[in-house]
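Chemist: below are the sequence and a predicted model for it; my questions follow.
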Amino acid sequence: MTEAITASSAGTWRLGDLTVNRLGFGAMRLTHLADGSPSNRERVTGVLRRAVELGVNHIDTAAFYFSPLRSANELINRALAPYADDLVITTKVGPGRDAAGQWWWAEPGQLRGQVEENLRQLGRDHLDVVNLRVPRRETTGSVAEHFGALAELRTAGLIRHLGISNARPDHLAEARAIAPVVCVQNPYGIGSPAEDHAFLDECGKQGIAFVPFFAIAGAGKESGATAEDSPGVRAVAEAHGVSAAQLRLAWTLNRGPHVLAIPGTGNPDHLVENIEAGSLRLTPEEAALLDSL
């Protein structure tokens, strides 16, 4: 994997009427390092610009991605505005954080304010894709009121397309009865339970993008990958001459043409490694081994 490649190597998918390269970029890592210390502003804006140069045209962000010194949305605005015509920015609403960083969850009537805050920070007059983030997918009941409020904002022209995040199949069905859904953004990766595999496959049958988060970090979540990789992961990675992180990313893309990847980093070297992972092709035997973990 030494040849220069771009994000287009992984192929494309359509979010409604918007075509994106399947290998995208997640903005969560822009504001601070894994240890909580602030990121370097010039370095991370450089990473954003380099990502676009390498073909990334799908960026996932949120207004609640901020630290005491950095806001992911405002970093994106500073680095990339005026935006390229083909750049798709996806954001999330539902959770909020006050100035002290304390979390709160929006009522349906508060979602417009969250949408408008994303618009302000990004410097846009509409949002390409907005995901409704479900608080606790295991226990959350109906999402109809919240999703209905976003559907009204879509009708008003503030939002182009809608998705759901951290959701169950019944949440998706409920949302689709209200308005079109272009993507499901859920935690997913090697070792996910059978019901998550089944949900990913069902999204593909319905023509809906499945966008895994924590695909590399796994159980480490926001702190990054912490667990030791299994011998199977290490063996397949070594056979391809790539890192375990690259293999995990490639495996998610291998799960279906409707699967998008949004690895995040503030490190320019890791950015290149992530994009290179989009060109990695697994054999059926390798995929079956990793599926079984």
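Modeler: Sure, I can see it.

Chemist: now do Asn73 against Gln114, distance only.
Modeler: 12 Å (CB to CB, to the nearest Å). In this view, the C-beta of every residue, glycine as well, is placed from N, C-alpha and C.

Chemist: among these two, which residue is more densely surrounded?
Modeler: Shown here are Asn73 and Gln114; by other CB atoms under 10 Å, Asn73 has more neighbours (26 against 21).

Chemist: ok, now which ones touch that one?
Modeler: Residues near Asn73 by CB atoms under 8 Å, 6 or more residues apart in numbering: 27, 61-63, 65, 91, 118, 121-122.

Chemist: then the helix or strand that it is a member of to PDB, C-alphas only?
Modeler: Applying DSSP states H and E as the criterion places Asn73 in helix 72-80. The C-alpha coordinates for helix 72-80 follow below in PDB (Å, rounded to 0.1, in the frame of the first residue of the first chain):
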ATOM      1  CA  ALA A  72     -14.900  21.200  15.500                       C
ATOM      2  CA  ASN A  73     -17.500  23.100  13.400                       C
ATOM      3  CA  GLU A  74     -15.600  26.300  13.600                       C
ATOM      4  CA  LEU A  75     -12.300  24.500  12.700                       C
ATOM      5  CA  ILE A  76     -14.100  23.100   9.700                       C
ATOM      6  CA  ASN A  77     -15.400  26.500   8.700                       C
ATOM      7  CA  ARG A  78     -11.900  28.100   9.100                       C
ATOM      8  CA  ALA A  79     -10.200  25.400   7.200                       C
ATOM      9  CA  LEU A  80     -12.600  24.700   4.300                       C
END
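
Chemist: show me what counts as buried in whichever helix or strand comes after that helix.
Modeler: Moving toward the C-terminus from helix 72-80, the next helix or strand (DSSP H and E) is strand 88-93. By neighbour count on 16 or more other CB atoms under 10 Å, the buried set for strand 88-93 is 88-93.

Chemist: kindly report the same for stretch 231-243.
Modeler: Applying 16+ other CB under 10 Å to stretch 231-243 flags 233, 236-237, 240, 242-243 as buried.

Chemist: make TSV out of those residues and add secondary structure.
Modeler: Converted to TSV, the buried residues of stretch 231-243 look like this (DSSP: H, G, I helix; E, B strand; the rest coil):
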residue	secondary structure
Val233	helix
Val236	helix
Ala237	helix
His240	helix
Val242	coil
Ser243	coil
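
Chemist: tell me the one among those nearest to Val47.
Modeler: Of all the buried residues of stretch 231-243, Val47 sits closest to Ser243, with 18.0 Å by CB to CB.

Chemist: relative orientation of the helix holding Asn73 and strand 88-93 in degrees?
Modeler: Interaxial angle, helix 72-80 versus strand 88-93 (axes from the mean of the first three to the mean of the last three CA atoms, to 10 degrees): 170 degrees.

Chemist: show me which residues of helix 72-80 are buried.
Modeler: Those would be 72-77, 79-80, for helix 72-80 by 16+ other CB under 10 Å.
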